[in-house]
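Chemist: After the sequence you'll find the predicted model.
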Amino acid sequence: MNALAGQTLGDVVRFHAMHRPNKPAFETPSGRSVSFGELDRRVDHLCAALGRWGLRKGDRVAILSRNRPEYIEIFGASRTGFIVVPLNWRLTEEELSRLLAHSAPTVLFVDEPYLELIEHLRPRLQGICHFVSLGPARQDWTEYETLTHGPVGTSVAGSLDRLPGNVANALPDDVLCLVYTSGTTGLPKGVMLTHRGLMDNCRASAASLALTDSDRSLAVLPLFHVGGMWYHLFPCFASGCTTLLLPEFEPGALLSELAAKKITNVHVVPTMLNAMLNHPQAQTADLSHLRVIF
């Protein structure tokens, strides 16, 4: 059995923690690295913390953030049945308020660039019980790092039976995430995506890209979008790849990282690819290791 045989995202996280605990799962341009084993431990601690807050299977947790390792950790909390709601950081205040009211999350995780925005909206977000900062600590917010350390054991094979009694294992047909459409013909609609369906997609995408654990991927498309998350990042993760997470697109910086980190696959849209091809660095960057652009 390999990780791609898993039927829930939690299965995949646990598999890699047991079989390649010290291999980097995610890296950042600043030099931060999170191994598969560390990711698994942090996800267990996060699940335990949310359980101690009283969250139960089926409760929603929303995230408003650029690409960073914590994004994947929060998705990992789906292993205990919490439903993740990724939010588009390009939306207006009114649009965000509407989606948050509709999805009714109990917890909202917010990256540093959006803390002031959510602080301004906070009086309108009465249903959210816990606001968590992915950046620096601030008054009336919980600092994210305090949730990733706790009483759960540190074994990479940590058992969910050590988590609070109200926390349960996710099943393959449980909803993993609630993703909103763009609303082209009306208001955005929430689409419920299950563990089984998304794991099937991971298997198909990994096969079409011929991914192996020797690949190195770069994720620059926003993870709130299914293209960035489910057609690239998680198929790479399930295959055991190391993925470099870029918080934003800048063609010169992207070309530099592709060359320096010997990236083998990257997912971009045509406008991004055009900007890369027209950038001066495109003539000199060593991209000989790059196997797939899609």
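Modeler: Looks like it came in fine.
Chemist: so what's the nearest residue to residue 102 once chain neighbours are set aside up against?
Modeler: Leaving out its chain neighbours, the residue that sits closest to residue 102 by Cβ to Cβ, 6 or more residues apart in numbering is residue 190, at 6.4 Å. From N, CA and C alone the C-beta is placed, and that goes for glycine too. Counting by Cβ atoms under 8 Å, 6 or more residues apart in numbering, residue 190 touches 99, 102, 103, 178, 179, 180.
Chemist: Torsion angles phi and psi at residue 190?
Modeler: phi -80, psi 130 (degrees, to the nearest 10).
Chemist: hang on, the earlier thing: any chance of the contacts of residue 190 in a markdown table, with secondary structure, neighbour count and distance to residue 213 too?
Modeler: Converted to a markdown table, the contacts of residue 190 look like this (DSSP: H, G, I helix; E, B strand; the rest coil; neighbours: other Cβ atoms under 10 Å; distance: Cβ to Cβ, whole Å):
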| residue | secondary structure | neighbour count | distance to residue 213 |
| --- | --- | --- | --- |
| 99 | helix | 22 | 36 |
| 102 | helix | 14 | 39 |
| 103 | helix | 17 | 35 |
| 178 | strand | 20 | 30 |
| 179 | strand | 21 | 27 |
| 180 | strand | 21 | 33 |
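Chemist: farthest pair in those?
Modeler: By the measure Cβ to Cβ, 102 and 179 form the most distant pair in these, at 12.5 Å.
Chemist: Might you list the low-confidence residue ranges for the stretch 1-150 of the chain?
Modeler: 1-2, 150 (pLDDT under 70).
Chemist: Can you show me the helices along it?
Modeler: Along the stretch 1-150 of the chain, counting by DSSP state H, counting those that start in this stretch, helices occupy 9-19, 36-52, 69-76, 93-103, 115-121.
Chemist: for stretch 134-154, which positions count as buried?
Modeler: 134, 141, 142, 144, 147, 148, 152 (16 or more other Cβ atoms under 10 Å).
Chemist: I'd say the fourth one and residue 136 touch.
Modeler: So the one you mean is residue 144. No - assessed by Cβ atoms under 8 Å, residue 144 is found out of contact with residue 136, at 10.2 Å.
Chemist: how deep is residue 90 tucked in, by neighbour count?
Modeler: 9 (other Cβ atoms under 10 Å).
Chemist: Compute the distance between it and residue 114, please.
Modeler: 11 Å (Cβ to Cβ, to the nearest Å).
Chemist: Can you give me the pLDDT of the closest residue to residue 269 other than its chain neighbours?
Modeler: Distance criterion Cβ to Cβ, 6+ apart; nearest residue to residue 269, sequence neighbours excluded, is residue 221 at 7.2 Å. According to the prediction, residue 221 has pLDDT 98.
Chemist: Quick check: residue 221 vs residue 103, distance?
Modeler: Residue 221 is 22 Å from residue 103, by Cβ to Cβ.
Chemist: re the thing from before, compare the helices of the stretch 1-150 of the chain and report which one is nearest to residue 210.
Modeler: So among the helices of the stretch 1-150 of the chain, helix 9-19 is nearest, using Cβ to Cβ, at 18.6 Å.
Chemist: Please identify the buried residues of the closest one?
Modeler: Neighbour count says helix 9-19 has 9, 10, 11, 12, 13, 14, 15, 16, 17 buried, by 16+ other Cβ under 10 Å.
Chemist: And for that helix, what's in contact with it?
Modeler: So helix 9-19 is contacted by 1-4, 6, 23, 25, 36-37, 39-41, 43, 75-76, 78-80, 156-157, 169-170, 176, 195, 198-199, 202, 234, 237-238, 240 (Cβ under 8 Å, 6+ apart).
Chemist: And stretch 66-75, by the same measure?
Modeler: Here stretch 66-75 has contacts from 9, 25-26, 28, 32, 34, 39, 42-43, 46, 61, 63, 65, 84, 86, 89, 109, 111, 113, 134, 144, 148, 176-177, 219-220, 222-223, 228-229, 233, 237, 245-248, using Cβ under 8 Å, 6+ apart.
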